[in-house]
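[1] turn this into a model:
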Amino acid sequence: MLSERETLKKELLISEAQPIYQASALLPLLEQEAIALFSRTLCLPVLHFWRHRHSLLLGSRDAALPFMEEAAQAFSENGIAVAVRPFGGLAVLLDPGVLNVSLILPQPPSLDDTFLLFAHWLQQSLRDFGEVVIGQVEGAYCNGRFDLAIEGLKFAGIAQRRIQDVAIVSAFVNVVDTDAFEKREPLVHAFYRQAGRMDPAFAHLIPPLRKGTVGNLYKEASLPVEQAVASVTEKLKQHAALLSNRAMPCPTLSSDYYRQALQRFMQRQQLKEWIAR
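    Sure, this is the predicted structure:
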């Protein structure tokens with residue numbers, strides 16, 4: 001595996017979405033696509049942070065569930081934005097206590113090297129919370145080789161996709177539970193129950209959801225949500241030095257990048273969304 005300094009450029013751009021996304025679950029992914037096109041043009045890596053008020057991001061496999069659209073519509077009518085995202089994996093529920101962070105990397109190394117680069121950076125950045133272990137967590141929801149866990153509880157999962165010669169490797173980081181919404185696990189259960197309706201022909205598409213395998217960096221809500229997320233974001237920014245010699249704010253993108261990103265999204269017929277009401 002290439003070292004971080006051998007892989008990345010001397011400069012790294014940091015993009016932080018403000019404020020929190022609201023009704024649309026695809027909008028932050030559209031912005032991420034635009035940033036990836038910008039990153040490719042400049043040949044500079046970008047760290048991208050964002051959050052959503054309340055949304056459910058579905059993997060492409062979830063779109064095959066027989067009653068997925070009815071379930072997504074029901075969620076949106078209850079204030080939860082739903083979208084099929086351009087990543088693999090399973091449904092991920094987002095709320096203000098979940099921080100989404102991506103490394104957008106032009107001219108990346110191999111898939112595994114890119115995963116490891118990102119996972120090791122997260123591991124080092126978040127070690128103040130405990131011993132961060134990279135690897136599968138037995139029985140955890142959406143198990144992956146590059147999951148991150150503390151004391152056997154998964155708090156982050158990593159996914160990767162590529163736009164030509166740019167890698168987007170992303171993680172959801174469970175920072176803290178929120179009081180404003182129901183717990184994440186029951187809502188994911190509810191979606192799969194509604195979308196699959198226990199149809200045996202689609203049983204292989206409905207993941208096992210075992211309690212007690214997923215947690216948060218803050219085990220108790222000892223800090224307000226905004227303070228807890230800001231603390232984690234700051235730790236990640238401080239450790240950007242592990243990725244590059246110099247970190248700078250990402251400039252405002254021109255509308256051309258968003259137009260290109262929208263065109264790319266429109267070409268992907270599987271990308272759908274249900275706006276939160």
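
[2] helix or strand right after the helix or strand of the chain with the lowest mean pLDDT?
    Here the helix or strand of the chain ranked lowest by mean pLDDT, DSSP states H and E is helix 4-7, holding a mean of 48. Using DSSP states H and E, the helix or strand that follows helix 4-7 in sequence is strand 11-16.

[3] for that next one, packing partners?
    helix 27-42, strand 46-50, strand 246-249 (3 or more C-beta pairs under 8 Å, 6 or more residues apart in numbering; DSSP states H and E). Quick note: C-beta positions are derived from backbone N, CA and C, even for glycine.

[4] enumerate the positions of it that are buried.
    12-15 (16 or more other C-beta atoms under 10 Å).

[5] can I get those in TSV including pLDDT and distance to Gly88?
    Converted to TSV, those look like this (pLDDT from 0 to 100; distance: C-beta to C-beta, whole Å):
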residue	pLDDT	distance to Gly88
Leu12	96	26
Leu13	96	26
Ile14	97	26
Ser15	97	23
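
[6] which one of the residues you listed is nearest to Val82?
    Taking C-beta to C-beta as the measure, Val82 sits nearest to Ser15 out of the buried residues of strand 11-16, at 24.5 Å.

[7] excluding its backbone neighbours, what's nearest the closest one?
    Excluding the flanking residues, the one nearest Ser15 by C-beta to C-beta, 6 or more residues apart in numbering is Cys250, at 3.8 Å.

[8] let me see the backbone angles for the one you found.
    Main-chain torsions, Cys250, degrees, to the nearest 10: phi -70, psi 130.

[9] what number of residues lie near it?
    By the measure other C-beta atoms under 10 Å, the count of residues near Cys250 is 20.

[10] might one say that it is in contact with Leu13?
    Yes. Between Cys250 and Leu13 there is a contact at 4.0 Å, judged by C-beta atoms under 8 Å.

[11] need the contact list for Arg26.
    For residue 26 the amino acid is Leu, not Arg. By C-beta atoms under 8 Å, 6 or more residues apart in numbering, Leu26 lies in contact with 83, 85, 265, 271, 273.

[12] buried subset of the residues you listed, written for ChimeraX?
    To isolate the buried members of those in ChimeraX, using 16+ other C-beta under 10 Å:
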select :83,85,271,273
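
[13] have a look at the contacts of Leu26 and tell me the least confident one.
    pLDDT is lowest at Leu271 among those; the value there is 76.

[14] no more questions from me, cheers.
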